[in-house]
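J.: sequence unavailable; structure follows:
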């Protein structure tokens, strides 16, 4: 089985791309899978702020910090090809860098190059409300460009409410979804949390803690019920992800050996 390479990507800011990257890394750690990540967001390196996650950064801006330097993408690709040894790699792409990376990838045929080493996944969040139009447009655009060389996974992010089309239909009934459905690898649902779950998870994210760090609770910052609510949310997320994303073979074998012992 090839190593997995996950890009979290969409053209709209604030739609949950970094949360998707966080979910991939925390799921990997939960399952004992080796993982690493690269944060490329020039305006908000929020993933790299988590000290408990294996994240490095690549500055894609020019020396004046005013414009994206497309040559910096070469550094990322060489890093992926020559340095990465982990089973799961995540690249968090910010909205600022979206068009630059897409153009670079198409013009240099990057996905074709990377697919010899990786199973490549495009993790694309779609949200409701005012951002629905922008995020679904981003989904269609990415499917048209990359469906042949990547596995495209849509993340239905219900944080801002249920996704409804113009005719109040469910997302799965919209023209956008039906147009791309056959080219999707899978769909992950991030269900809307109740108020108390949202408060507990927000506390974890604001503190920039991983799920594993919360479970250890070394500083006693989380009360019992807060930890229970975080467990419920994260385990539901992992269960959804396990239906879509494989667990690397080496990890399965090591778990089997542990069970035998």
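T.: Sure, I can see it. Owing to the predicted nature of the structure, the values given are computational and were not obtained by experimental measurement.
J.: any weak-confidence spans in the chain?
T.: Within the chain, the stretches with pLDDT under 70 are 42-45, 65, 249-261.
J.: recalculate using a threshold of 80.
T.: Counting by pLDDT under 80, the chain shows low-confidence ranges at 1, 41-45, 62-66, 129-130, 160-162, 165-166, 248-261.
J.: would you map the helices across it?
T.: Shown for the chain, the helices assigned by DSSP state H span residues 17-31, 72-82, 98-107, 110-114, 132-146, 175-180, 195-206, 211-216, 224-244, 249-260.
J.: can I get the ones you listed in CSV with mean neighbour count?
T.: All C-beta spots, glycine's among them, are computed from the backbone N, C-alpha and C. Output for the helices of the chain, formatted as CSV (neighbours: other C-beta atoms under 10 Å):
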stretch, mean neighbour count
helix 17-31, 23
helix 72-82, 15
helix 98-107, 16
helix 110-114, 17
helix 132-146, 19
helix 175-180, 16
helix 195-206, 15
helix 211-216, 18
helix 224-244, 16
helix 249-260, 11
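J.: format the ones you listed as CSV; extra columns: distance to residue 51.
T.: As requested, the helices of the chain are arranged in CSV below (distance: least, C-beta to C-beta, whole Å):
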stretch, distance to residue 51
helix 17-31, 13
helix 72-82, 21
helix 98-107, 26
helix 110-114, 28
helix 132-146, 30
helix 175-180, 37
helix 195-206, 14
helix 211-216, 9
helix 224-244, 18
helix 249-260, 24
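J.: contacting residues around the spatially closest residue to residue 229 that is not a sequence neighbour?
T.: Ranked by C-beta to C-beta, 6 or more residues apart in numbering and with sequence neighbours excluded, the top spatial neighbour of residue 229 is residue 200, at 4.2 Å. Residues in contact with residue 200 (C-beta atoms under 8 Å, 6 or more residues apart in numbering) are 222, 225-227, 229-230, 233.
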